[in-house]
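Undergrad: With the input below, show me the fold.
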Amino acid sequence: SEFTAAVLRRMARKYAWLDFESTCHVTVVQHSDWNENNTDEDDLAYVKKNTDYVRIDDANAYLQVVGDDTFVDNFKRSALASAFADVWKAALEYYHAYEFGQ
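TA: You can find the predicted model right below:
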């Protein structure tokens, strides 16, 4: 995504000694179709070149269940129930004002 590419570029500028291939291994796990189809080609190529890029199936279909729950509520519930709950909690707390409206 553009956000991921921007973070990587900022890291590279701030830490000139950083070499993604030998000293800093970043793994990106990205929902495939939607993100790849809606990301600038140069940014996507940069992310793939400078990370261990893992492409996974889109989750939007199973997160959008019928009922009163919104997509965001379903996403947060799924993320916080995963094996990476601590990481998701930190990410949601960091990003909440922009995307999740908390």
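Undergrad: C-alpha only now, for contacts and for neighbours.
TA: Noted.
Undergrad: Now do the strands in the chain.
TA: Along the chain, counting by DSSP state E, strands occupy 27-31, 52-56.
Undergrad: Any idea how far the first one is from the middle of the chain?
TA: By that I understand strand 27-31. 6 Å (C-alpha atoms, centre = their mean, to the nearest Å).
Undergrad: So what are the sheet partners of that strand and their directions?
TA: Strand pairing for strand 27-31, using DSSP bridges, gives strand 52-56 (parallel).
Undergrad: got the CA coordinates for the strand it pairs with in PDB?
TA: Written as PDB, here are the backbone C-alpha positions of strand 52-56 (Å, rounded to 0.1, in the frame of the first residue of the first chain):
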ATOM      1  CA  ASP A  52       9.400 -10.200   2.600                       C
ATOM      2  CA  TYR A  53       6.000  -9.700   0.900                       C
ATOM      3  CA  VAL A  54       3.300 -12.200   1.800                       C
ATOM      4  CA  ARG A  55       0.200 -12.100  -0.300                       C
ATOM      5  CA  ILE A  56      -3.000 -13.500   1.400                       C
END
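Undergrad: Alright, I will stop here.
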